[in-house]
Every structure is written in structure tokens, then in C-alpha cells.
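[1] got a sequence here, can you build the structure:
(4 chains)
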Number of protein chains: 2
Amino acid sequence: MVQEVGGRPAGTVQSLDRALDLLETLAHAEGTLGVGELADRTGLAPGTVHRLLQGLHARGFVRRDGSRRYSLGTGALQLADAAQRALVRSARPFLADLVRLSGETANLAVLEGDDVVYVGQVSSPHTLRMFAEVGRHVPPHSTAVGKVLLAALPRDRAAALLRRTGLASRTSATITDPDAFAVELDRVRERGWAVDEQEQETGVRCVAVPVGVPGRIVAALSVSGPADRFAGAATDGLVEAMQQAGRELGAG
Amino acid sequence: MVQEVGGRPAGTVQSLDRALDLLETLAHAEGTLGVGELADRTGLAPGTVHRLLQGLHARGFVRRDGSRRYSLGTGALQLADAAQRALVRSARPFLADLVRLSGETANLAVLEGDDVVYVGQVSSPHTLRMFAEVGRHVPPHSTAVGKVLLAALPRDRAAALLRRTGLASRTSATITDPDAFAVELDRVRERGWAVDEQEQETGVRCVAVPVGVPGRIVAALSVSGPADRFAGAATDGLVEAMQQAGRELGAG
DNA sequence: AAGGTACTTTCCACGATGCGGAATCGAGGG
DNA sequence: CCCTCGATTCCGCATCGTGGAAAGTACCTT
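    Numbering: from 1, shown residues only, chains lettered A, B, ... in the order given. Below is the predicted model:
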């Protein structure tokens, strides 16, 4: 059995682990936090919190306003850029596997602001036509990837986003009723994957799963193809493989 | 005089500082790095690098592929979301100051993928009409904010981005020639601010400055108004105030 | 396929380093 | 102006991280 120290995996560094706690606490907080609040929430001594914050502040990872209150700084933004490129690169083999398995096109998508953006793709050998190209922005409510990403958001954040964007009808199958869509999101949360039955584009069916573990979903994987070819039996077993890929890609 | 320990501000934590070095090294690297490469680049002992990476990996901040090579993980993506909200919140008073100073609308914009996106705004009391609303995506080459953000990118990354997006003509003043635009970017880099002379929209002039310090530009601040009112003398002194705001907002 | 090489990972004793309680400082409210 | 609460600094102690070197492992070469 592996030794642990206060819930921290053995062979890891205490001060680093605590600093990451602070960053995550700041990330989950609405607004700013003071040293004392951070000390309370993390269970650390105020002096320790202050010292760690100094280190994070010196590197731009936390911001300090005029009245000694802290929030996340720009350092994280800088990393995010590079982290997304790394995610896209790591996703390639998984996407290729899914294409091999399904014969259809596989995609990687993330939520940017209120839009879903495709950031990676390996296309099917059988299809000349592209359903979505990398860089394309699509609405969250009419796509399988969008449903997965919305389902991973706190309910109030998802609802607020949908209020801003609305539920525009893309095809006759698009879900345009907020209540019906809320029910759909609940189904997605429950079973852990989503489907888009020609809701974004007539004739196109798409299945999507989250990347990461619950509470830490950062992207979605999808497979999409023509509705007449990619349905029913074609999907059997595929979802499980996709979920596995999503977990592995998310865990790194 | 303040004591320093190996270039690190006094009162900060060594292991945390080193871990942040690792993250930044990974962020600047193309592709993945092994323990040894990271040890070389940071000047740390391989054992130390390995231990710190374990801590970062356990928390999802670094990803480890099958052959023990490391890249940034999804942890940073998670933080980025919250960090951007914090940036927008912190920007509000600066934007309000700029509106007071200029009488025109002030904006905060970031680069997302290949687009410029407005993420914050305080509008002028004099203008009913909005030149850009929050959430709006605009091309980088025809806006002052876009020029500032492109100028902050490594030259090759900026060039690659422009090759992907092209330089579409928005008005008769839009710069559509890649070489001319490269010269424009050099001017922006040199003087530290950019202007858009009705290049995005006829009748609209816009001045922008970077947020952050060179090498760490994460956003741009801009002030925009009708070309006939917002020009020449109206800009005097404003740019300096904007640059100051950009530095302060970036430093946190 | 076997050997060699280079890298990653583990181990350990040392001591530098971060720890947290307590003292001090400073801001904001009454 | 004083008082209180929180942020910051200080300091002695022991914990925790450190780095060299050993052990293990993957990969390349022949």
C-alpha cells in the first residue's frame, strides 16, 4: 500500500500541493478572497497562506486588489493557451482510434465563452464532406458536444448561458424549449453521454462524451456521421469506447 | 534592501517557485518534455524535477504520456475560466476611468483561437450606438485590439494565424496586404500601442494598448469613438493613461 | 535477439527550508 | 481619535524538501 500524508499522495511536495489548493479555492470562489477566508477554507495557518500567496503573486498567478483581497491572476491564462494546444495534441491518437472503430469522423470540442468550438478533428476515410471543421463555432444547444459541455456546468451557469444565447432552431429536430432542454441535460448528466439527432444539421447524427472526470470536464469528444449510416447498431459499444477515451484523455 | 535567494523574492517558497518554473517551461516548449530536458532547462536536479512533476500530475496540472514525456494538463484550463472572469472584474474600474478621461467607450479584449473577443466594456455616456458588444468576435487584422494582441505573439505564430484567417477587407481602409501588415505590427511593437483608423468600421476610430508586461500580454484595452470626434487632440495623453492602466491591470 | 546506453525513478541522510504560533503593524469603522 | 479585526512579519524548531547516487527500465544499436 502507498503511504499518504494528509490525503496527499506520497512523494509529492507539501507546499506545492497547498499552493494548488489555494488556486483552486480562488477559482471556485465568486469574487475575491482575503487571507483569512483562504486560511479558513483550506485549513491552513494565515501566515502560511500569506507566504504562499506572495509566491503566487510574484509569478502572476494571483492578483491582489487595493484592499488586500485576492483572485486568480493572468498567469493561469498564459498557461491555458499552451495547455489547450497540449490537449489537442494528446487527443489525436484517441480521435484516430475512434475513427478506426466507428468509420466516422471524430472531433474534440471545448466551450469558449458561450460557444462550442471544435479544436481537433480526425476525419472519416468514408466521407468527403466535412460536418464541422476545426475552428468552427457552433451553438451549444443543438450539438451533442454542446450538451455534454453544458451538462458539466453548474446548473445555474448553464441556465444563464442558455438565456444569453437562446435556443435557436437549426433544423426541425432542434430542441427549442428551455424546459425540454433542461430535461435533456439531466439525461446527459445521468447517462454520461449525449446525442444530437439531426438537431444541428439535417441528416447528421452525432454522439458525444465528456473529457475528464465529473467536476473537471474541460472538453468533449464526439463522433458524427450521416444519420442513415451512423445509427442504431453502429453506435453499440462505441459509446463505451468513447467514454473510456474521454477518461484517459482527461486524466493524462 | 530586500533580501533575495537565487533571484527569488524574499518570503516566497522555493519548491512552489520551482514548480511554477516547470509549468512555464512546459508552456513555452513545443511538444512534450522529459524529466531530463526539464532538469536541463530549469537547472534543477532530475530527482527534484521528478518529485515536483508528481505533485503537479496528481493535481492535473501536467499530463504524462505513455513514454514518460510531460506537457501541460487540464488543470490550467480549469483555472483559465475563473482567471478570465477575475480579469474582467478587475478591469471594470480601469475601463470606467478611461471612459471618464476620454468621453468614449472603453473595451477589454482577448485572443481566443484566431479571433479577438470583447470580454468587457464600459460605454461612453455620449454614444447610444455600440461599436462592439461584449462577446462579439472580430478579426484581429482590422482592429486596434487585434493588432496589439498579434504584436504580442511570437512573429511566426502571428504570421501563421494571419495565413489561416487571411486579411479580409472590412472597409476601404483595411490593411489587406500581408507585408504592409507586418510593417504595421512592427510599429505597434515599437511604440507599444495600436490604432485602427476606420479599418474595421467606417467612421470608427479605435486606440488600443496591451495588458501586462512584454512577454506576458494576455489582453488588450481599447478606447473607440466616432472618427470625427475622437481624433488628434482627443487622443493626446490618453495613450499614456491607457498604457499605465494596461500595466497596472496586468500586474494585479 | 542480446547488449549497451541513456533516461527515469527511487532511496536516503543531511540540513536548509518552510512551518505556525505569537507579536506587530495597519486599515477601516465607530 | 481610539478601538478592533485582519493582514503581515518574526523566529525557533523540526519537518520537509533536497540532490547525489543507486536501482530500475525503456530504447537503440549492432
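
[2] write out the residues of the stretch 51-200 of chain A neighbouring DNA strand D.
    Within the stretch 51-200 of chain A, the positions near DNA strand D by CB under 7 Å from any atom of the strand are A:R51, A:L53, A:Q54, A:R68, A:R69. Any C-beta I mention is one placed from the backbone N, CA and C, and that applies to glycine too.

[3] assign the second one to helix, strand or coil.
    The assignment at A:L53 comes out as helix when based on DSSP: H, G, I helix; E, B strand; the rest coil.

[4] burial count for it?
    22 (other CB atoms under 10 Å in any protein chain shown).

[5] then the first one?
    A count of neighbours around A:R51, defined by other CB under 10 Å, yields 18.

[6] and it, how far from chain B?
    Noted for A:R51: a distance of 6 Å to chain B, by CB to the nearest CB, to the nearest Å.

[7] just confirm that residue contacts B:T12, I think it does.
    Yes - between A:R51 and B:T12 there is a contact at 7.2 Å, judged by CB atoms under 8 Å.

[8] coming back round to it: filter the residues of the stretch 51-200 of chain A next to DNA strand D by proximity to DNA strand C?
    Within these, those near DNA strand C by CB under 7 Å from any atom of the strand are A:R51.

[9] so which of the residues of the stretch 51-200 of chain A next to DNA strand D is the closest to B:E201?
    A:R69 (38.3 Å; CB to CB).

[10] show me the contacts for the closest one.
    A:T32, A:L33, A:G34 (CB atoms under 8 Å, 6 or more residues apart in numbering or on different chains).

[11] helices of the stretch 1-150 of chain A, residue ranges please.
    A:14-28, A:35-42, A:46-58, A:75-102, A:144-152 (DSSP state H, counting those that start in this stretch).

[12] just give me how far the last one sits from the chain centre.
    Spelled out, that is helix A:144-152. Centroid separation for helix A:144-152 versus its chain: 8 Å, with CA atoms, centre = their mean, to the nearest Å.

[13] what residues sit buried inside the helix or strand just after that helix?
    Downstream of helix A:144-152, the next assigned helix or strand under DSSP states H and E is helix A:155-165. Residues of helix A:155-165 classed as buried by neighbour count (16 or more other CB atoms under 10 Å in any protein chain shown): A:A158, A:A159, A:L161, A:L162, A:T165.

[14] ok, A:L149 touching A:A109?
    Yes - at 7.3 Å, A:L149 counts as touching A:A109 under the criterion of CB under 8 Å.

[15] what touches both of those two?
    With CB under 8 Å, 6+ apart, A:L149 and A:A109 have common neighbours A:V116, A:A219, A:A220.

[16] quick one, what contacts the closest residue to DNA strand C within the stretch 101-250 of chain A?
    At 17.0 Å from DNA strand C, A:E248 is the closest residue in the stretch 101-250 of chain A, using CB to the nearest atom of the strand. For A:E248, the contact set (CB under 8 Å, 6+ apart) comprises A:F94.

[17] let me know the pLDDT of it.
    If you check A:E248, the pLDDT there is 91.

[18] check which helix or strand it maps to.
    For A:E248, the host element (DSSP H and E) is helix A:238-251.

[19] ranking the helices of the stretch 1-150 of chain A by burial, who's on top?
    Highest mean neighbour count among the helices of the stretch 1-150 of chain A (mean count of other CB atoms under 10 Å in any protein chain shown): helix A:144-152, with a mean of 27.

[20] just checking it against chain B, any contact.
    No - shown here: helix A:144-152 not in contact with chain B (CB under 8 Å from any CB of the partner chain), separated by at least 11.2 Å.

[21] and the angle for that helix with helix A:155-165?
    Counting by axes from the mean of the first three to the mean of the last three CA atoms, to 10 degrees, helix A:144-152 lies at 130 degrees to helix A:155-165.
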